[in-house]
Each structure stands twice: as C-alpha cells, then as structure tokens.
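Asks: Curious how this folds, go ahead:
(one chain, ligands or ions: 1)
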Amino acid sequence: MIIDQQEISKQLKNFILEIKKQERADSHLITVLHKAQELNGYLSKEIMDLVAEEMQIPTSVIWGVATFYHYFKLSPIGKYNISVCMGTACYVKGANEVLETVKELLDIKIGETTKDMIFSLQEARCIGACGLAPVVMINDKIYGELNPKKITDIINDLKKQAQEE
Ligand code: FES
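Replies: Have a look, this model is predicted:
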C-alpha cells in the first residue's frame, strides 16, 4: 500500500502522541525513527524535522542518532536494495570481489542509489547464511556462493526485469 506524505505525517504524529504518554518519552527516539522509516522508506529532512518538533528534541540530536546507526537510511532506497555481506566468512570467500563488481556494474558507492532508482547498495555484517558465503541479500532474498560472474548475471537479470515492468 502506498501512502502519501500527509498520511505518513498523520500516522507518525499519532504514533509519537502515544509514545509521549509514556515516561521519559525522549528515550524512545529510536523506536520513533524506526516507525518513521517504516512509513516513509527513509528518514528525509522533513521527517526528521517533524520528529524534532513533535518530540521537542533538537534536530541536531535526531540527526546524530540517525547517522550513527547504519540501519537508518537518509536517502530514498531503490527498487532493489542490495546488501553485500562483508562478515568474516563472506569476506574470506571473496565478498570484496563481489562488492567491487556490484559497484562497477552500477557505478555507485555503498549507501548510494542509482539515478533511475532501481538499485541501492549497502554493506552488511553477517546475515546468518555463512554456509553459503559469500552472500548478497537483495530485498528479502538471499543469493549464495557468489562470484563476480554470478552477481553480474543476477544484476543483469534484475535490470532486464525492471525494464520490462
Ligand atoms: S559472514 Fe556473511 S553470512 Fe555470515
């Protein structure tokens, strides 16, 4: 379900209202930011300003928390969110070559999204599939035992799919 900005603001304000009924509401900032990201897809400046105003916390504090945790996204995410696992098991099995291949193919760095909004690239710690190392997660799907050739084929397939839609 796609909801518009007004509806996102309304839902987020209601969520914050509930949080504010609790003691030490400011200690729930991370919960609020999680909710904001769940609703909006990422933490835009407007969303952070809204949280700051509603929770009466300086924007600089919100910004500090949002940038400290890798989980929080500060820019929009593409249709396919690629997370390359750089945990130890994946790293020793060639995750770096896989990562470099993705960067080169899409011409983006970690934390960036392609201009056409199709792909975003992230680095992940162990995602619990070490037996399949090196692994990449694309949205909710895990791809294992990768090498530069395999990841190239996967990305080319996704590019094709995106063009056909
Ligand atoms: S280190 Fe990559 S899945 Fe565990």
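Asks: what does the protein put close to the ligand?
Replies: 85, 87-90, 126-130, 133, 135 (C-beta under 6 Å from any ligand atom). To be clear about C-beta, it is placed using only N, CA and C from the backbone, and glycine gets the same treatment.
Asks: ok, of these, which one's closest to the ligand?
Replies: Nearest to the ligand among the residues of the chain next to the ligand is residue 87, at 2.5 Å by C-beta to the nearest ligand atom.
Asks: of the residues of the chain next to the ligand, closest to residue 17?
Replies: Using C-beta to C-beta, residue 127 comes nearest to residue 17 of the residues of the chain next to the ligand, at 35.2 Å.
Asks: Verify the stated contact: that closest one with residue 140.
Replies: No: look at residue 127 against residue 140 with C-beta atoms under 8 Å: they stay out of range, at 11.1 Å.
Asks: domains for the chain, by residue range?
Replies: 5-68, 80-164 (automatic domain parsing).
Asks: Which of the helices or strands spans residue 154?
Replies: helix 148-164 (DSSP states H and E).
Asks: I'd like to check what contacts stretch 124-140. Which residues are they?
Replies: 80-95, 98, 102, 142-146, 151, 154, 158 (C-beta atoms under 8 Å, 6 or more residues apart in numbering).
Asks: cool, and stretch 62-69?
Replies: 29-30, 33, 43, 48, 51-52, 72, 74.
Asks: Alright, calling it a day.
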